[in-house]
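Asker: just coords:
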Ligand code: AMP
């Protein structure tokens, strides 16, 4: 039994579930060559894993010997198996002792549930118990589960500390500790909670730290806690997955919704996650898309666990094609086949960009990430590009125009139209703007790269980020030259 089922019996780890004779011996598997126990190798075969991913190839051989690890690996690289498999191996090959032996700390409940689901899969031929605990739901079932004396606990920091303070969880027997998504713990302000949890662990235990990026506070946490760790970095420190085609569209804030609707209508958008910066923004956008006939539930920290699970289940099953999410809520989304990530708002923390983009292009699949950037977000784009060490190409797509307001006559009898539209930057085939549909070619002068192009003076617009510059005034944002960066790739 490897899931939490109150009332089940505990058996020693060393008693694997009997295998059917028809099953092929797993010795030929590359996972066996990493030194993993046969029962675990068999589970990887069931999962149709043909080869270990780079992070697994590097981490597993070191971790099964009990070494500490500091791994810089973003989500989608197979990092969960990289820590779960060697820990299960150690449990399977050692004599079972009473008490909790493995603690996996992860920032979000979705991620916790996902890790628990992976433990079930990878440990299906082993006998042990694991329990997952997270906040936002009643404590009652978790208390019951904890009474079954699990061997492995997957937890978010807040709920773990709550249960520890009530004497329901004791960490004194923990021999293997995993800190998952350490950088996200930091972003979410959990680092003090993490330190408190670590303070309650026994001194001699194996520690595995996983982080998509290794900012300085994580580096110093690792330096103070890990003993001679094996350092693994499977991707350049902060680059998003290479399989993701990334681009940016310059668009005025008020036109983002319309542009998104337009892009979501493209045939190749099979499954998309749209990121907003705030919970309120996520709700608002979700409502707007619903009004436009696009079912797009929002998930964020203020949603109930049930609502989040429902939204995720609909997204996983393909019932809903679009999910609107905030950074924190999206952290645990592990859905294969996400074809597109849209950054409706750019994140304040550039590392979040990497995490967002990592939602697509998972496990080697290709994906697209399109970021909307309005005038105020240009510094954020700069931060992201500095982190990526390259500029994001500008997506050649026309920004939709909104319907023109009625023409008003001024006292002098002149026609005076005010349009709040963005100048269309450009277009490139796939996401056609409303006015370019029906086979119309857009005029060449509408293809404007906001970074370099001069505004069109034939259509001055008022109240508009892209209006023609006032004579003698400051250059508008899209006309200012972008400073060259040393690391541009
Ligand atoms: P993770 O980075 O742990 O979130 O894993 C991303 C996805 O890769 C999950 O859907 C895993 O099931 C899958 N995965 C993990 N390891 C492998 C592997 N060796 N081969 C193929 N898929 C894998």
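Answerer: Alright, I've got the coordinates. No experiment lies behind these values; they were computed from the predicted model shown.

Asker: so what's the residue nearest to residue 54 when sequence neighbours are not counted up against?
Answerer: Of all residues not flanking residue 54 in the chain, residue 234 sits nearest, at 4.5 Å (CB to CB, 6 or more residues apart in numbering). The way it works is simple: take the backbone N, C-alpha and C, and place the C-beta from them, glycine included. Residue 234 makes contact with 53-55, 58, 71-73, 77, according to CB atoms under 8 Å, 6 or more residues apart in numbering.

Asker: Show me which pair in the residues you listed is furthest apart.
Answerer: For these, with distances taken as CB to CB, the pair at the greatest spread is 53 and 72 (13.9 Å).

Asker: These two: which is more packed in?
Answerer: Comparing residue 53 with residue 72 by other CB atoms under 10 Å, the one with more neighbours is residue 72, at 24 against 19.

Asker: which residues does the closest residue to the more buried one other than its chain neighbours contact?
Answerer: Distances taken as CB to CB, 6+ apart place residue 233 nearest to residue 72, at 4.1 Å, with adjacent residues excluded. Residue 233 makes contact with 71-73, according to CB under 8 Å, 6+ apart.

Asker: how far away is residue 233 from residue 46?
Answerer: 30 Å (CB to CB, to the nearest Å).

Asker: Same question for residue 91.
Answerer: Using CB to CB, residue 91 is found at 19 Å from residue 46.

Asker: Could you list the contact residues of the stretch 1-150 of the chain toward the ligand?
Answerer: Taking CB under 6 Å from any ligand atom as the test, the list of the stretch 1-150 of the chain residues beside the ligand reads 49, 51-53, 56, 75-81.

Asker: Which of those lies at the shortest distance from residue 280?
Answerer: Sorting these by how near they are to residue 280, with CB to CB, puts residue 75 at the top with 25.6 Å.

Asker: can I assume residue 264 is in contact with residue 270?
Answerer: No: here residue 264 does not reach residue 270: they are 10.9 Å apart, not a contact under CB atoms under 8 Å.

Asker: Which one's more surrounded, those two?
Answerer: Comparing residue 264 with residue 270 by neighbour count (other CB under 10 Å), the higher total belongs to residue 264, at 19 against 11.

Asker: wait, what's in contact with residue 190?
Answerer: Contact analysis of residue 190 by CB under 8 Å, 6+ apart lists 107, 157-158.

Asker: Return the distance of it relative to residue 299.
Answerer: According to CB to CB, residue 190 and residue 299 sit 19 Å apart.

Asker: Kindly report the same for residue 179.
Answerer: 24 Å.

Asker: nearest to residue 381, of the contacts of residue 234?
Answerer: Sorting the contacts of residue 234 by how near they are to residue 381, with CB to CB, puts residue 72 at the top with 23.7 Å.

Asker: Let me know the pLDDT of the closest one.
Answerer: Residue 72 is assigned a pLDDT of 90 by the prediction.

Asker: Make 52 the first number, not 1, from now on.
Answerer: With the count now opening at 52, the last piece we talked about shows up as residue 123.

Asker: Around residue 82, count how many other residues there are.
Answerer: Residues lying near residue 82 (other CB under 10 Å) number 26.

Asker: wait, it sits on residue 103?
Answerer: Yes: because the distance of 6.1 Å satisfies CB under 8 Å, residue 82 is recorded as touching residue 103.

Asker: so what sits against both of those two?
Answerer: Between them, residue 82 and residue 103 share the neighbouring residues residue 111, with contact defined by CB under 8 Å, 6+ apart.

Asker: Name the nearest residue to whichever residue of the stretch 152-301 of the chain sits closest to the ligand, sequence neighbours excluded.
Answerer: Nearest residue of the stretch 152-301 of the chain to the ligand: residue 169, at 6.9 Å (CB to the nearest ligand atom). Excluding the flanking residues, the one nearest residue 169 by CB to CB, 6+ apart is residue 131, at 4.9 Å.

Asker: separation between that neighbour and residue 368?
Answerer: Following CB to CB, the distance that separates residue 131 from residue 368 is 22 Å.

Asker: neighbour count winner among those two?
Answerer: In terms of neighbours (other CB under 10 Å), residue 131 is the more surrounded of residue 131 and residue 368; the figures are 26 against 9.

Asker: so how far is residue 445 from the more buried one?
Answerer: 35 Å.

Asker: What's the local residue count around the residue nearest to residue 444 when sequence neighbours are not counted?
Answerer: Counting by CB to CB, 6+ apart, the nearest residue to residue 444 once its immediate chain neighbours are dropped is residue 298, at 5.0 Å. The burial count assigned to residue 298 is 15, neighbours taken as other CB under 10 Å.

Asker: Residue 298 and residue 432 touch, don't they?
Answerer: No: with contact defined as CB under 8 Å, residue 298 does not reach residue 432; the gap is 11.6 Å.

Asker: so how far does stretch 347-354 reach from one end to the other?
Answerer: Distance between the two ends of stretch 347-354: 14 Å, counting by CA to CA, to the nearest Å.

Asker: for stretch 221-231, same thing?
Answerer: Terminal-residue distance, stretch 221-231 (CA to CA): 20 Å.

Asker: Distance from the chain centre to that stretch, please.
Answerer: Shown here is stretch 221-231, whose average C-alpha point lies 25 Å from the average C-alpha point of the whole chain (CA atoms, centre = their mean, to the nearest Å).

Asker: Pull out the buried positions in that stretch.
Answerer: Within stretch 221-231, the residues scored as buried using 16 or more other CB atoms under 10 Å are 222, 224-231.

Asker: Output the residues you listed as JSON lines; include the columns distance to the ligand.
Answerer: As requested, these are arranged in JSON lines below (distance: CB to the nearest ligand atom, whole Å):
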{"residue": "222", "distance to the ligand": "24"}
{"residue": "224", "distance to the ligand": "26"}
{"residue": "225", "distance to the ligand": "22"}
{"residue": "226", "distance to the ligand": "22"}
{"residue": "227", "distance to the ligand": "17"}
{"residue": "228", "distance to the ligand": "18"}
{"residue": "229", "distance to the ligand": "12"}
{"residue": "230", "distance to the ligand": "15"}
{"residue": "231", "distance to the ligand": "9"}
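
Asker: re earlier: most neighbours, which of the contacts of residue 241?
Answerer: Per-residue neighbour counts (other CB under 10 Å) across the contacts of residue 241 peak at residue 158, which has 27 neighbours.

Asker: Relative to residue 205, how far out is it?
Answerer: In this structure, residue 158 and residue 205 are 12 Å apart, going by CB to CB.

Asker: again with residue 248
Answerer: Using CB to CB, we find residue 248 at a distance of 13 Å from residue 205.

Asker: Looking at these two, which has the bigger crowd around it?
Answerer: When residue 248 and residue 205 are compared on other CB under 10 Å, the one with more neighbours turns out to be residue 205, at 29 against 22.

Asker: The more buried one: which element?
Answerer: With the criterion set as DSSP states H and E, the secondary-structure element containing residue 205 is strand 203-206.

Asker: Sheet-wise, list the partners of that strand with their directions.
Answerer: With DSSP bridges as the criterion, the sheet partners recorded for strand 203-206 are strand 153-156 (parallel), strand 181-184 (parallel).

Asker: want to try JSON lines for these, with mean neighbour count and mean pLDDT as columns?
Answerer: Shown next, in JSON lines, are the strands paired with strand 203-206 (neighbours: other CB atoms under 10 Å; pLDDT from 0 to 100):
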{"stretch": "strand 153-156", "mean neighbour count": "25", "mean pLDDT": "98"}
{"stretch": "strand 181-184", "mean neighbour count": "26", "mean pLDDT": "97"}
